[in-house]
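**Q** Model the following, please.
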Amino acid sequence: MNWNEQLEQRKALLVGGVVAICVVALLVTARRFNMTLDIYWHIRTGIDWLTLGLSPWQDHYSFTFDGKRIGGQPYMFQAIVGSLVSAFGAQTGLELFRMFSFLATFGLVFLFLRKLKASTAVYLLALPTLTLLLQQRSVTRPELISYSLIVLAVMLYHRARIRMTASTMLPIVLLIGVWTNYHNAVLAYVIFFGLFVDTAIRFLRERAGSGDWLKWAGWGLAVVAVGALKPGFRHPILSYFYFSPEWKSLILEYSPLSAKLAVTSTVADLGIYVVGLMAAATLLMVAFRRQYGLLVTCCLLVYFAIDMSRLVTPNGIAMLCFFAWMASEPDTISGLRRLPRWATVAVGVTALGFFGACMYSVVWSAHQNMVMNRTYTTGFPKDVTDYMIDNGISGRIFNEYEHGGYLIYRLAPDSRVYIDGRTNILYPLAHTKRYLDARLAPDVLAEEIDKYDIDLALLNNNKRSFSLIQDTNRLSLDFLGFEHSLFRSDNPNFPLLGMLLARPACWSAEMVPELLAEREKATRILPERSLAFDFFDLLADYSVAADQREYISGIDDFTDWNEYMFRFFGYRALALGLNDRAWELLNRIRPPEFADFLAGALSMANKGDWRSAELALDNLTRIKWPIVRQYELRIMHQLLEQIRAKAQLEVFDEDYVDGLAQQFQDAGASSKLPDVRSFCPNP
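**A** Residues are numbered from 1 along each chain as shown. Model prediction:
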């Protein structure tokens with residue numbers, strides 16, 4: 001008795017145990033409250049459609065494309081999640097949607113395995129792999145229901161493989177009609193392409209009559225035509241050709257699988273390699289059975305999953321179903337029985353390793369979901385939007401791309417956004433590129449502010465955001481939350497604080513009264529977790545210190561310090577001639593900015609340590625900076641000229657310095673070292 005026969009004797013126990021573990025893992029995964037960038041604008045669209053009658057095919061939420069047509073809206077999904085959230089709230093409503101989607105897909109795969117009369121081994125390989133795939137992409141998106149439609153498509157393919165009749169083909173036409181209105185049904189065409197090719201090959205072999213060929217062509221025409229029966233009448237196949245490959249370099253989920261694995265590498269990614277092994281086995285079995293249409297379908301599924309990481313789960317589910325089908329065919333089973341004993345043992349060991357890896361990853365992922373739920377934060381600007389709602393603040397918001405949907409959900413219709421996750425269905429590629437440029441370059445953002453009359457900006461808390469806004473001279477800091485900040489043009493609350501976070505070198509003693517006034521205002525406006533308070537307190541203590549040099553030299557506890565504190569006191573130490581202290585403080589900044597390297601190099605140059613100064617500048621040039629300001633290049637040029645004059649260059653080429661000098665007409669500016677005020681453009 002071989003291992004396969006032993007498994008069959010314990011089928012109920014083994015399959016039942018695996019089903020129980022997998023279902024529990026899926027329920028745990030469904031409980032994870034991991035919100036996607038897009039889900040909030042889907043919810044708002046669904047709610048506004050059902051309650052206010054606002055068309056899902058027209059933009060109501062941006063000021064950049066207000067009133068423009070939206071193509072490819074998953075309006076059924078939006079109505080479903082809108083209804084669930086209205087009835088049960090966001091967390092419970094979305095959990096229910098995920099649970100239903102997971103269990104529906106799992107149940108259909110289990111039903112398919114029963115119809116195939118699959119062996120115990122196939123159950124033990126397919127069900128954990130399916131669970132892994134669902135855990136891989138478990139966020140609430142329209143395709144969660146599409147996973148069930150994929151399984152139904154393979155089941156209908158299997159049913160229609162022998163004969164094309166009304167009873168086998170009408171369900172396929174109906175499925176595509178529903179699918180294309182629910183979401184993009186291009187995957188259905190990839191799957192059913194194999195059915196029509198294999199049927200054509202069989203007709204050629206059997207020398208079928210004209211009647212069979214007419215039915216084949218008629219059903220093919222019906223399958224193709226039904227895909228256009230949706231609002232806008234754009235066929236899903238055409239959507240593939242309209243998709244620009246440039247999106248792959250802008251949005252991670254559109255990027256190739258290799259790019260995703262380079263960014264995230266965890267035990268959960270084991271599922272990708274498991275599916276890859278299963279796909280290879282499927283391709284071999286399909287080729288052996290000479291089902292060339294199905295072989296082309298499987299090759300396309302593998303190719304698209306490698307080409308676009310977001311397709312790993314849907315394409316993997318289709319490949320899993322084809323694997324179960326091929327592994328359950330009588331010739332596959334008989335072929336395994338004819339293998340020599342050593343080969344049978346090798347197959348068994350491989351299957352056991354496959355099963356063990358799957359189950360370990362399933363349990364690990366479920367456990368990680370429970371851990372993450374205890375520490376999970378959405379990353380969305382709840383404190384800022386609460387402040388805006390409570391104080392009646394609204395307007396046109398320049399926002400982070402990933403926050404657009406959330407701002408729509410919380411602030412529409414009073415406020416509108418610059419961009420959100422509706423890329424490629426509303427926002428064209430050119431607008432997304434313009435956003436990325438504006439997010440880096442203050443002159444571009446200033447043009448956008450003037451063009452659209454933008455009066456608000458809601459951005460992540462980081463030095464680049466503060467500098468970007470400050471350099472536009474259009475908006476100032478109004479609210480500083482824990483992770484996000486609001487900037488506005490009209491009567492902002494904290495203009496000085498915003499300036500110092502962006503340009504700490506601009507500090508002067510004359511700012512103390514305004515600093516204290518903003519500090520008092522912060523106690524009334526800002527949340528307890530705002531990073532403003534520690535910053536205000538340190539600056540206030542420094543400003544009243546009898547000996548500011550001694551104050552900076554005496555700091556020995558950096559607990560809870562952030563980059564803004566290190567940067568401010570690094571510049572103050574530099575201004576007061578405490579070069580070693582400045583070097584120490586500036587080197588504690590994480591992550592460092594271009595100017596931080598320059599200030600560190602200046603502290604060493606002030607000491608006459610030219611080699612350390614040059615090495616600091618060399619480290620700066622080894623980083624790919626998204627933007628470098630002109631005054632920063634001027635400072636770098638001045639430092640290099642002084643190093644060349646005082647000690648000669650050892651790392652930099654003379655040509656590099658001369659090339660840098662050509663950017664500045666007043667070469668005399670390099671005849672001396674810069675000072676701290678050089679880091680304060682347009683003070």
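**Q** Can you list the residue ranges for strands in the protein?
**A** Secondary structure of the chain (DSSP state E): strands at 396-399, 416-417, 456-460, 476-480, 484-488.
**Q** so can I have JSON lines of these showing distance to F196, mean pLDDT and mean neighbour count?
**A** Using the backbone N, CA and C atoms, a C-beta is placed for each residue, glycine as well. JSON lines is the format used below for these (distance: least, CB to CB, whole Å; pLDDT from 0 to 100; neighbours: other CB atoms under 10 Å):
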{"stretch": "strand 396-399", "distance to F196": "46", "mean pLDDT": "98", "mean neighbour count": "25"}
{"stretch": "strand 416-417", "distance to F196": "44", "mean pLDDT": "98", "mean neighbour count": "26"}
{"stretch": "strand 456-460", "distance to F196": "50", "mean pLDDT": "98", "mean neighbour count": "23"}
{"stretch": "strand 476-480", "distance to F196": "59", "mean pLDDT": "98", "mean neighbour count": "25"}
{"stretch": "strand 484-488", "distance to F196": "52", "mean pLDDT": "98", "mean neighbour count": "25"}
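**Q** quick one: average pLDDT of stretch 77-91?
**A** Average pLDDT, stretch 77-91: 95.
**Q** and what of stretch 345-356?
**A** For stretch 345-356, the per-residue pLDDT averages 85.
**Q** Can you give the distance of that stretch from its chain's centre?
**A** Distance, stretch centre to chain centre, for stretch 345-356: 35 Å (CA atoms, centre = their mean, to the nearest Å).
**Q** Which one of the strands of the chain lies nearest to W49?
**A** Each of the strands of the chain has some distance to W49 by CB to CB; the shortest is strand 416-417, at 17.7 Å.
**Q** For the closest one, name the packing helices and strands.
**A** strand 396-399, helix 404-411 (3 or more CB pairs under 8 Å, 6 or more residues apart in numbering; DSSP states H and E).
**Q** Where does pLDDT dip in the stretch 251-400 of the chain?
**A** By pLDDT under 70, the low-scoring segments of the stretch 251-400 of the chain are 252, 259-271, 375-378.
**Q** that older thread, make JSON lines from the strands of the chain and add distance to D437 to it.
**A** As requested, the strands of the chain are exported to JSON lines (distance: least, CB to CB, whole Å):
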{"stretch": "strand 396-399", "distance to D437": "13"}
{"stretch": "strand 416-417", "distance to D437": "17"}
{"stretch": "strand 456-460", "distance to D437": "15"}
{"stretch": "strand 476-480", "distance to D437": "22"}
{"stretch": "strand 484-488", "distance to D437": "18"}
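**Q** Of all those strands, which one is nearest Q642?
**A** strand 476-480 (35.5 Å).
**Q** Other residues contacting the closest one?
**A** By CB atoms under 8 Å, 6 or more residues apart in numbering, the residues outside strand 476-480 that reach it are 384, 387, 393, 461, 466, 469-470, 485-489, 492-495, 497-499, 501, 522, 525-526, 530-532.
**Q** circling back to that earlier point, tell me which of the strands of the chain lies nearest to W57.
**A** strand 416-417 (17.8 Å).
**Q** distance between the closest one and the chain's centre?
**A** Worked out by CA atoms, centre = their mean, strand 416-417 lies 21 Å from the chain centre.
**Q** So, low pLDDT: which residues of this structure?
**A** Ranges of the chain meeting pLDDT under 70: 1, 34-35, 240-241, 248, 252, 259-271, 375-378, 665-671, 682-683.
**Q** which one's the longest helix in it?
**A** Assignment by DSSP state H gives helix 341-375 as the longest helix of the chain.
**Q** Which strands or helices does that helix pack on?
**A** Helices and strands touching helix 341-375, by 3+ CB pairs under 8 Å, 6+ apart, are helix 3-9, helix 11-31, helix 120-136, helix 270-289.
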